[in-house]
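Asks: mind looking at a prediction? Sequence and model below.
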Amino acid sequence: MGKVVQELISLKNIHFGYNQTKVFENLNFTLKKGEKVALIGPNGAGKTTLLYLIMGFLKPSQGDIIIFGKPRKKDKDFIEVRQRIGLLFQDSDSQLFCPTVKEDIAFGPLNQGKSRKEVLKIVKEIAELFNITHLLDRPIYKLSGGEKRMVALAGVFAMNPECYLLDEPSTGLDQKTTEKLVWFLKKNVETFLVVSHDIEFLKKIAHRFYLLEDGRIKEVSPDSL
Ligand SMILES: Nc1ncnc2c1ncn2[C@@H]1O[C@H](COP(=O)(O)OP(=O)(O)O)[C@@H](O)[C@H]1O
Ligand SMILES: [Mg+2]
């Protein structure tokens, strides 16, 4: 008997456009449990749009979205998706909305129903791991761009999601922090889809590469990049 491969995310024949701008026509994409996938493509290709469709922030005009084995159509279908899949927004200001760093990192795990005590422990551990303990009581608006990026990532990691969708995670990070992120993604993360223009970064973490261009996705060899 063959090994059962679990499809975590499956997009089938997706059509999507913003008013006049057609982005996807018949797009197909699958992410299986255990896959570490890089998504590359030119600016405006629709990478962020693809992640928003998976999270249910945008709805396709045609096609099926199946996540964790269930079809997802209405807003309520995506509540579970957002608890089990962690999205890092391309723009950290879209991610961070609590008054302080501590509260922002705590938001996800609290929303998953964890106790205050458990959440405090998680926040402390994640902050130590990424050297942001000194920022925990800081208001978000007093952070630099790179610090915001790190706090946004910490918030996603704190949820310990089954699957990570990271939209240009290394943008604004210094070399040391990027190396820490590489290490974390290799050691602690089983399944992800990472969007980036940083090919060297992607080559360190991803097993498969997909190119999104002209509304289509195709697998490409990392050696060709
Ligand atoms: N809210 C929006 N309204 C109208 N057009 C949008 C909106 N967001 C993105 N677009 C357009 O959709 C296309 C895909 O955008 P996006 O998914 O952000 O691309 P990428 O992340 O690959 O750079 C681009 O042409 C972009 O200009
Ligand atoms: Mg984008």
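Replies: Here it is on my side, so go on. Residues are numbered from 1 along each chain as shown. Ligands and ions are numbered 1, 2, ... in the order given.
Asks: alpha carbons only for contacts and neighbour counts from here, please
Replies: Fine.
Asks: now the most centrally placed residue in the chain: how far from Ser115?
Replies: For the chain, Leu165 is the residue whose C-alpha lies nearest the centre (C-alpha atoms, centre = their mean; 1.9 Å). Distance of Leu165 to Ser115, computed by C-alpha to C-alpha, to the nearest Å: 25 Å.
Asks: re earlier: quick check: the residue nearest to the centre of the chain vs ligand 1, distance?
Replies: 13 Å (C-alpha to the nearest ligand atom, to the nearest Å).
Asks: and Lys203, how many residues sit next to it?
Replies: Each residue near Lys203 was counted by other C-alpha atoms under 10 Å, and the total is 15.
Asks: contact partners for it?
Replies: Pro222 (C-alpha atoms under 8 Å, 6 or more residues apart in numbering).
Asks: regarding the residue nearest to the centre of the chain, what is its secondary structure?
Replies: Each residue gets one of three states, and Leu165 gets strand by DSSP: H, G, I helix; E, B strand; the rest coil.
Asks: pLDDT of the helix or strand encompassing Lys187, averaged?
Replies: Assessed by DSSP states H and E, Lys187 sits inside helix 175-188. Regarding helix 175-188, the rounded mean pLDDT is 95.
Asks: same deal with stretch 122-137?
Replies: Mean pLDDT, stretch 122-137: 96.
Asks: between the two ends of that stretch, how far is it?
Replies: 15 Å.
Asks: now that stretch: how far from the chain's centre is it?
Replies: Counting by C-alpha atoms, centre = their mean, to the nearest Å, stretch 122-137 is centred 20 Å from the centre of its parent chain.
Asks: and what of stretch 111-124?
Replies: Worked out by C-alpha atoms, centre = their mean, stretch 111-124 lies 21 Å from the chain centre.
Asks: pretty sure the residue nearest to the centre of the chain sits against Leu88.
Replies: Yes. Using C-alpha atoms under 8 Å, Leu165 is in contact with Leu88, at 6.3 Å.
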